[in-house]
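sequence plus predicted model, see below.
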Amino acid sequence: MQLRSSGSLLCPAVSALSAEVSAAQLSHIIITHLGPNRIPTLKMVLEAALAGRPKNKPLKLVVTNPAQAALQKALADVLDAANNIEWVVVKGKGRDQIPIPVTENYSLTAMLTPTPRWPDAMCVIDPSSRVVFTSKLFSAHVAPGLLNTKANSSAFDEGGWETYGDHWRYFFDCMLAPVATQANLALEKLPVTATPRASLDTPSNFLSAVIKSWSAVVADITRGSKGTAAGVYQQNPTMLFAYALAPQHGPVIRTCLSRIAQEYRKWTAEQVAALAYSSVLVLYASAYGNTAALAQAISRGVTKGGVAVNTINLEVTDLEEVKAAIKAADGFTIGSPTLGGHMPTPVQLALGTILRAASARELPCGVFGSFGWSGEAVDELDGKLKDAGYSFAFKPIKVKFKPTAKDLTTCEQSGRDLAIQVKRRLKSKEKDSTSSMAAAVASGAQLAMGRVVGSLCLVTSRDEEAVSAMLASWVSQASFDPPGITVAVKKDRGMETMLQPGNSFAISMVPESQEKVVMKAMTKAFAPGADRLAGLPICDSEASKCPVLETANATLDCTVVSRMEAGDHWIVYGQVTDGKLNSDTQLTAVHHRKVGNHY
């Protein structure tokens, strides 16, 4: 069982565990990834499991080396007071399948799947039921019951790819695309081939089989037997097929197992291939996870900008690897927390490596970091790189404590700006002239496509205090019942992140009289985090709370229902939830183009 906890969900998570098994009966706790938000829940489980436990039946904590170190630091009070805990540290290399003994004749199988963000991650296979607990892989930041009301409280992927596909892709783009090389290595280790088994085709039968398998193990341990429960579970580590994937977030994957495995391989292959053409190196160390969150957001912006990312956690990477990564990079950014008024040692060593690399001085770069009180580390990084003559793609990013939604948006926009700088630098090295290439493609079909016109609109969205906006003309009505709208959004646009299924957005139709004013305000260059609506008459919609143009002749409030990938754009389909006609005499401005290969 994988515990999921956040804020007020702590007690329900422990209650759910208690409903399945008494804490006193637990023999093993297997930690596939230890995040800060799971510490309070784990502490409650440990206290319940250790209470009254005899010394001759220790609780076994199954962890990787990084998880053990983090746990000993975070829960020192509980662990130091306990004398009936046995550490089982999972160690291995490459594609090793490491057994986790449960009884004498039964073992689970672990595979180490670390990434820079999650150096402690591992996946665990139950060889009897063939459930694969995949940790962060194949996750989605969505609760199954919220998307598919027909599924009631089912934890499975009922509704299939149509319901969850966008959410799986969004999680991958945000969390795994920046570490595609490591994600690709993890996928090579996992048993991601689905093999049908009729008796397990429904969630109820599947769950019964899993419970039967585990009940036999628990009974074995309870009566002190070292033998195997007859015919119920047998280890077969050579069979690399799965009946279900159980990630830490989102639904248990059964219906879409084959497809998500196929799509993951496709997505990672695209990112790994992109590394061969251009890449940005993101270096960081993180004391409490805050600087790591900033690194993740910057990485997301870089990938959206069309450049691959190589993300390195300096706390778990040797300098030779850092040196090789700098040599291969087309741009870089380095982030650090401030500890005792200084950078931690791994960041200092990496900075020294950068400053000694003569070729690195030609690369566009940036610095970032979080702090609790003073933030000297970011200033020090910025100063040393400036003194050495490095050019910056964005201003230093300093965030106090946990980053807000606005901070993360600024990071994402900064990553995109860094990607643009990298692409400009690479283009300047190309032998073929841009003008001759443009002339070649701006003919025939492209010229004809330029005659397709669209209404000029202002599209806006809000995520907490973060607001994003873009000018759009690829907007069209898509359905009568329910009323629906499609908006084409380029993948490298900062707003794309906010247009995910379930999110709200607003569309303001620009009247002809306001075309020049809005075009001038929205087509200029913006610094990361800048207010893109500054200078325009704006108010918040009562329905969606998104900003709308006060001078618009009409506005629409929408909710994203689905997205379709279309080359270098996403086609976002939104259901219209509200609308307002401000003027029935002003015509909407129409955007005319001469050629169809740009806006």
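Received, thanks.

how about low-confidence regions in the stretch 51-200 of the chain?
Low-confidence segments of the stretch 51-200 of the chain (pLDDT under 70): 94-95, 145-153, 191-200.

show me the strands in the stretch 251-400 of the chain, by range?
All strands of the stretch 251-400 of the chain, identified by DSSP state E, counting those that start in this stretch, fall at 279-284, 308-313, 331-335, 364-371, 391-392, 397-400.

tell me the strands beside the shortest one, with direction?
Strands flanking strand 391-392 in the sheet, each with its direction: strand 364-371 (parallel) (DSSP bridges).

quick one: the partner strand to chain centroid distance?
20 Å (Cα atoms, centre = their mean, to the nearest Å).

equivalent analysis for stretch 497-514, please.
The answer for stretch 497-514 is 24 Å, by Cα atoms, centre = their mean.

kindly report the same for stretch 499-518.
For stretch 499-518 - counting by Cα atoms, centre = their mean - the centre lies 28 Å from the chain centre.

ranking the strands of the stretch 251-400 of the chain by mean pLDDT, which is last?
Note on the strands of the stretch 251-400 of the chain: strand 308-313 shows the lowest mean pLDDT, a mean of 89.

now residue 582: closest residue in space, sequence neighbours ignored.
residue 553 (5.6 Å; Cβ to Cβ, 6 or more residues apart in numbering). Quick note: C-beta positions are derived from backbone N, CA and C, even for glycine.

can you add distance to residue 529 and mean neighbour count and give the strands of the stretch 251-400 of the chain back as a markdown table?
Shown next, in a markdown table, are these (distance: least, Cβ to Cβ, whole Å; neighbours: other Cβ atoms under 10 Å):
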| stretch | distance to residue 529 | mean neighbour count |
| --- | --- | --- |
| strand 279-284 | 19 | 28 |
| strand 308-313 | 20 | 25 |
| strand 331-335 | 16 | 27 |
| strand 364-371 | 12 | 27 |
| strand 391-392 | 15 | 16 |
| strand 397-400 | 9 | 20 |
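
do you know how far the residue nearest to residue 289 when sequence neighbours are not counted is from residue 246?
Excluding its sequence neighbours, the residue lying closest to residue 289 (Cβ to Cβ, 6+ apart) is residue 36, at 5.5 Å. From residue 36 across to residue 246, the span is 22 Å (Cβ to Cβ, to the nearest Å).

the strands in the stretch 1-150 of the chain, which residues?
Under DSSP E, counting those that start in this stretch, the stretch 1-150 of the chain gives strands at 28-30, 59-63, 85-89, 98-103, 106-112, 122-126, 131-135.

please disregard the earlier target; I meant the stretch 451-599 of the chain.
Going by DSSP E, counting those that start in this stretch, the stretch 451-599 of the chain shows strands at 454-455, 457-463, 466-472, 475-479, 484-490, 504-509, 538-540, 547-549, 554-566, 569-581, 590-591.

and these: which comes nearest residue 295?
Closest to residue 295 of the strands of the stretch 451-599 of the chain, according to Cβ to Cβ: strand 466-472, at 18.2 Å.

give me the neighbour count for residue 374.
Neighbours of residue 374 under the rule other Cβ atoms under 10 Å: 12.

let me have the strands of the stretch 251-400 of the chain in TSV, adding distance to residue 266 as columns.
Shown next, in TSV, are the strands of the stretch 251-400 of the chain (distance: least, Cβ to Cβ, whole Å):
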stretch	distance to residue 266
strand 279-284	19
strand 308-313	15
strand 331-335	26
strand 364-371	30
strand 391-392	35
strand 397-400	32
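
quick one on the thing from earlier: does the residue nearest to residue 289 really touch residue 288, like I thought?
Yes. Between residue 36 and residue 288 there is a contact at 6.9 Å, judged by Cβ atoms under 8 Å.

partner residues bridging residue 247?
Counting by DSSP bridges, the residues bridging with residue 247 are residue 135.

now for the lengthiest helix in the chain, which elements pack on it?
Across the chain, the longest stretch assigned as helix under DSSP state H is helix 405-429. Applying 3 or more Cβ pairs under 8 Å, 6 or more residues apart in numbering; DSSP states H and E, we find helix 405-429 packed against strand 279-284, helix 290-304, strand 331-335, strand 364-371, strand 397-400, strand 466-472.

for residue 452, find the nearest of these.
Comparing these by Cβ to Cβ, strand 466-472 comes nearest, at 14.0 Å.

the closest one pairs with which strands, parallel or anti?
Strand pairing for strand 466-472, using DSSP bridges, gives strand 457-463 (antiparallel).

on that earlier part again, and residue 36 and residue 246? Which one has more around it.
residue 246 (24 against 11).

may I have the predicted confidence score for that one?
At residue 246, pLDDT is 91.

I'd say it and residue 134 touch.
Yes. At 6.6 Å, residue 246 counts as touching residue 134 under the criterion of Cβ under 8 Å.

now the nearest residue to residue 412 once chain neighbours are set aside: how far from residue 45?
Nearest residue to residue 412 in three dimensions, chain neighbours excluded: residue 301, at 3.9 Å (Cβ to Cβ, 6+ apart). Separation of residue 301 from residue 45 (Cβ to Cβ) stands at 37 Å.

same check, this time on residue 277
47 Å.

tell me which of the two has more neighbours.
Between residue 277 and residue 45, counting by other Cβ under 10 Å, residue 45 is the more crowded of the two (21 against 11).

now do the same end-to-end measure for stretch 388-397.
Using Cα to Cα, to the nearest Å, one end of stretch 388-397 lies 19 Å from the other.

and stretch 137-154, by the same measure?
End-to-end distance of stretch 137-154: 20 Å, with Cα to Cα as the criterion.

please look at residue 180 and residue 265 and confirm they touch.
No. Using Cβ under 8 Å, residue 180 makes no contact with residue 265, being 11.1 Å away.

okay, those two: which has more neighbours?
Using other Cβ under 10 Å, the more surrounded residue of residue 180 and residue 265 is residue 180, with 25 against 15.

assign the more buried one to helix, strand or coil.
Going by DSSP: H, G, I helix; E, B strand; the rest coil, the secondary structure assigned to residue 180 is helix.

show me the contacts for the closest residue to it other than its chain neighbours.
Distances taken as Cβ to Cβ, 6+ apart place residue 271 nearest to residue 180, at 3.3 Å, with adjacent residues excluded. Each residue near residue 271 by Cβ atoms under 8 Å, 6 or more residues apart in numbering is listed here: 177, 180, 303, 308, 309.

could you rerun that using 6 Å?
177, 180, 308 (Cβ atoms under 6 Å, 6 or more residues apart in numbering).

nearest to residue 482 among those residues?
residue 177 (32.5 Å).

residues near the closest residue to the closest one other than its chain neighbours, how many?
For residue 177, ignoring the flanking residues on the chain, the nearest one in space by Cβ to Cβ, 6+ apart is residue 303 at 4.9 Å. Residue 303: 24 surrounding residues under other Cβ under 10 Å.

I'd guessed residue 303 sits against residue 179; true?
No. Contact criterion Cβ atoms under 6 Å: residue 303 and residue 179 do not qualify, at 10.6 Å.

nearest spatial neighbour of residue 55, skipping sequence neighbours?
Nearest non-adjacent residue to residue 55 (Cβ to Cβ, 6+ apart): residue 84, at 5.1 Å.
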